[in-house]
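K.L.:
coords please:
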Amino acid sequence: MNTAETYLFAEYQSKIKDLNYTIGVGAMRTYNSQEHYSSEKYIFKPSLSLSYSINGQWFFRYNGYMSGYAPSLSDLNDISQAMDKYQVRKGNPALKSVTFLANTLTAS
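P.N.:
The predicted structure follows:
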């Protein structure tokens, strides 16, 4: 079995008065292969961070990013694997990669 993961990321940071911002963009490639089956997925991963200070006493920060993950080769194989005498794990070749958004807002 061969597994590889490659990640490329670029980021730009700047400031406008009391607002600091960071914009990032990234891409991830996952690759799995075993005998006659292989899986290759590309996942886009942008990010944004904003922080703002009011009078040096209040501070607000927003972080948001989009990410994802690809199923492993064992998840994709159409083979039943006995976990123990009560459980059997079976892969699903129709699984797709997952994309999700994450957001946080912090005030102090």
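K.L.:
start and end of stretch 91-103, how far apart?
P.N.:
Taking CA to CA, to the nearest Å, the first and last residues of stretch 91-103 lie 31 Å apart.
K.L.:
how about that stretch: buried residues?
P.N.:
Judged by neighbour count using 16 or more other CB atoms under 10 Å, the buried positions of stretch 91-103 are Gly91. Just so you know, the C-beta spots here come from the backbone N, C-alpha and C atoms, and that holds for glycine as well.
K.L.:
contact partners of it?
P.N.:
Contacts made with stretch 91-103 from outside it, assessed by CB atoms under 8 Å, 6 or more residues apart in numbering, are listed as 30, 41, 43-44, 62-71, 74-79.
K.L.:
could you look up the SS state of Ser74?
P.N.:
Counting by DSSP: H, G, I helix; E, B strand; the rest coil, the backbone at Ser74 sits in helix.
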